[in-house]
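Enquirer: Below are the sequence and a predicted model; questions follow.
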Amino acid sequence: MTFENLNLIEPILHAIKNEGYTEPTPIQEQAIPVLLKGKDLMGSAQTGTGKTAAFAIPILQLLYGQPLPSAGKRQIKALIVTPTRELAIQISESFAAYGKYTGLRHTVIYGGVSQNAQTTALRNGVDILVATPGRLLDLIDQRFVTLQNIQFFVLDEADRMLDMGFIHDVKKIIGRLPLKRQSLFFSATMPPEIKKLAASILVDPIKVDIVPVVATSNLIKQSLYFVDKPDKKSLLIHLLQDKSIETALIFTRTKHGADKVSRDLMRAGINAAAIHGNKSQVARQSALNNFKNKRTRVLVATDIASRGIDVEQLSHVINYEIPNIPETYIHRIGRTGRAGLDGVALSFCDAEEKEYLKDIYKLLAKSIPVIADHPFPMRNSTHSGPVVQPRPFNGSRNRPAKSEFVASSRGRAIR
């Protein structure tokens, strides 16, 4: 299957080719034809499966076929709502890439920065708006945004909206949309409240489910360290002495924890930065850019800040703290092992976190191999899971793994 088989218009095919992509991922292959037919869609798909392109490409094609206004400014016809600033920027970049030759205009709005540049773009008129809920409602109240002409509505990362407490804002936004529209709903997980929300948005939707949540872990070598909480810092610094760990994304549960781990690493001579919701947008984007460009070796993040982090060839993810929601573990380790490359996920578990670990094992339907031979073993503890000897990362991340998300040797799949 190639993109030519999806009946895409030449301007979009040209842009896709320029990006170096030739073959659609499973969600793109299934979703694009459905959306081009005007159907509502409910997609269950994780980050990294290519779902942004799955909705951006058909929206661009359907809008491209409409006449541009001969007078007056353009009206917003497509609205994409996503929970974090990082994700909003990432989606906006995708629309810029795939819509490069369409002549369509888009902009992105999010909080934490001055609204002046955003409102200027809105005054000039846009066809497509990518937004976070809070800033969108704020600019609606200020009458910079009207939703009366919306034809396409995308709710992305709905489960994260629930986690972040945005569901009430999302319902407000939905209440302002025209009843006649095409709606797209994406969520990595489908708890009952999310299913109820989907039912209120979608009309006779086509369902696209892309791989159970645990499948992402198949590309990733996972290991577990049992360690007392006070020794986690020392264990982390010890592991990062290994220069074969080129880049590492470290997860903590709290913003305070992310800042503390980052400071501890800097004191140990390891170049690190923290990213979380209390940081300014400028600081967050700067930290992320430095990490992507490998000027910063280690990025410490909270889960909410991590959803928009998409770094090519990220070698290691380290769970400094075990998440209390098992699906979060999958999302975390899914930051590595992307696009068919090998990845490594290391997790530190203290005594209080063993209950969380049991839930993760249940979700994975298997245990995680334990590395017992390290300088900071947990005192008075029995291990849960097979014990393995630590081995240095072999540096083979450029070897494609067998995965249905990986394009053949003829080209890459859009992420």
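Expert: Everything's here; your move.
Enquirer: which neighbours does the host helix or strand of residue 183 have in its sheet, and in what orientation?
Expert: Per DSSP states H and E: residue 183 is located in strand 182-187. Using DSSP bridges, the strands paired with strand 182-187 are strand 41-44 (parallel), strand 152-155 (parallel).
Enquirer: Tell me the buried residues in the next helix or strand along the chain from that strand?
Expert: Reading on from strand 182-187 to the C-terminus, the next helix or strand found by DSSP H and E is helix 192-201. Under the neighbour-count criterion of 16 or more other Cβ atoms under 10 Å, helix 192-201 has 194, 197-198, 201 buried. To be clear about C-beta, it is placed using only N, CA and C from the backbone, and glycine gets the same treatment.
Enquirer: What of stretch 99-115?
Expert: Result for stretch 99-115 [16+ other Cβ under 10 Å]: buried residues 99-102, 104-112, 115.
Enquirer: Let's have those in CSV, adding distance to residue 73 and secondary structure.
Expert: Below are the buried residues of stretch 99-115 laid out as CSV (distance: Cβ to Cβ, whole Å; DSSP: H, G, I helix; E, B strand; the rest coil):
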residue, distance to residue 73, secondary structure
99, 18, coil
100, 22, coil
101, 22, coil
102, 18, coil
104, 14, coil
105, 10, coil
106, 14, strand
107, 12, strand
108, 18, strand
109, 16, strand
110, 22, coil
111, 24, coil
112, 26, coil
115, 18, coil
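Enquirer: Residue 145: which of those is nearest?
Expert: residue 109 (7.9 Å; Cβ to Cβ).
Enquirer: these two touch, right, the closest one and residue 132?
Expert: Yes: using Cβ atoms under 8 Å, residue 109 is in contact with residue 132, at 7.3 Å.
Enquirer: shared neighbours of these two, anything?
Expert: Listed as contacting both residue 109 and residue 132 by Cβ atoms under 8 Å, 6 or more residues apart in numbering are residue 88.
Enquirer: Which residue ranges of the stretch 101-250 of the chain form strands?
Expert: 106-109, 128-131, 152-155, 182-187, 206-209, 220-226, 248-251 (DSSP state E, counting those that start in this stretch).
Enquirer: tilt between the fourth one and helix 192-201?
Expert: When you say that, I think you mean strand 182-187. 170 degrees (axes from the mean of the first three to the mean of the last three Cα atoms, to 10 degrees).
Enquirer: Now do residue 312 against residue 204, distance only.
Expert: 38 Å (Cβ to Cβ, to the nearest Å).
Enquirer: If you could redo that for residue 81, that was the one I meant.
Expert: For residue 81, the distance to residue 204 (Cβ to Cβ) stands at 21 Å.
Enquirer: Please name the residues that touch residue 31.
Expert: Contacts of residue 31 (Cβ under 8 Å, 6+ apart): 41, 43, 51, 54-55, 58, 208.
Enquirer: so which of the strands paired with strand 182-187 comes closest to residue 22?
Expert: strand 41-44 (22.3 Å).
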